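S.K.: give me a model of this one.
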Amino acid sequence: MVSNIKIAYFNQNDWSQIATIYKEGIDTGIATFETQIPTWEQWDIAHITSCRIKAVLHDKVVGWAALTPTSKREVYKGVAEVSIYITSKCRNLGVGKLLLSQLINESEKHGFWTLQASIFSLNIPSINLHKSLGFREIGYREKVGKLDNIWYDNTILERRSTLII
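M.R.: Numbers count the residues shown, from 1 in each chain. Modelled structure (predicted):
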């Protein structure tokens, strides 16, 4: 199945499919602290334009990945936070690894030297995916956010580029 997947950049024309997958992530309760899908305009302003990719299978978006700047300060221009979401129909099939690998490559082409991920500590598959591609656990934030009156911890991971020093 993964051999049939195409990775491409996405834009506003893909937002309906991207937003649907994002909503699936929200519904898991362990993918994001967001509770509602933002508008395209809100999402677009918050994310780096050069590293927005989608996984496409039979002309349908089955996953996406993008970067968010960690700071507006110049010294952090090469540091970004990873977002990656896979449709529930295609989880645990290698789509995430394919997307995250490509996102790493794209980030390095655009001068990013550090990628960060802040993942719900309960989301073991996502933590393992990131670790499989060179992210290392650097800590956790205890009870960093609350959803439905439940406190959640986040595991913090980072990946330093070996190409950009």
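
S.K.: give the burial count for the residue lying closest to Pro38 once chain neighbours are set aside, as a bare number.
M.R.: Residue nearest to Pro38 in three dimensions, not counting chain neighbours: Ala46, with 7.6 Å by C-beta to C-beta, 6 or more residues apart in numbering. Quick note: C-beta positions are derived from backbone N, CA and C, even for glycine. Applying the criterion other C-beta atoms under 10 Å, we find 12 residues in the vicinity of Ala46.

S.K.: quick check, pLDDT for Ala46.
M.R.: pLDDT, Ala46: 95.

S.K.: repeat for the one 5 residues further on
M.R.: Here the pLDDT value assigned to Cys51 is 95.

S.K.: shaky segments in the protein?
M.R.: 1 (pLDDT under 70).

S.K.: what's the neighbour count on the closest residue in space to Glu137 that isn't next to it in sequence?
M.R.: Leaving out its chain neighbours, the residue that sits closest to Glu137 by C-beta to C-beta, 6+ apart is Leu157, at 5.4 Å. Counted with other C-beta under 10 Å, the neighbours of Leu157 add up to 22.

S.K.: doesn't Ile119 make contact with Leu157?
M.R.: Yes: using C-beta atoms under 8 Å, Leu157 is in contact with Ile119, at 6.8 Å.

S.K.: any residues in contact with both of the two?
M.R.: Common neighbours of Leu157 and Ile119 are listed as Ile127, His130 (criterion: C-beta atoms under 8 Å, 6 or more residues apart in numbering).

S.K.: for Thr39, see how far away the residue nearest to Pro38 is.
M.R.: To Thr39, Ala46 is 11 Å away according to C-beta to C-beta, to the nearest Å.

S.K.: need the contact list for Ile86.
M.R.: Ile21, Ala55, Val62, Gly63, Val95, Gly96, Leu99.

S.K.: how about those in TSV, adding distance to Thr35?
M.R.: Output for these, formatted as TSV (distance: C-beta to C-beta, whole Å):
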residue	distance to Thr35
Ile21	16
Ala55	25
Val62	24
Gly63	21
Val95	25
Gly96	23
Leu99	24
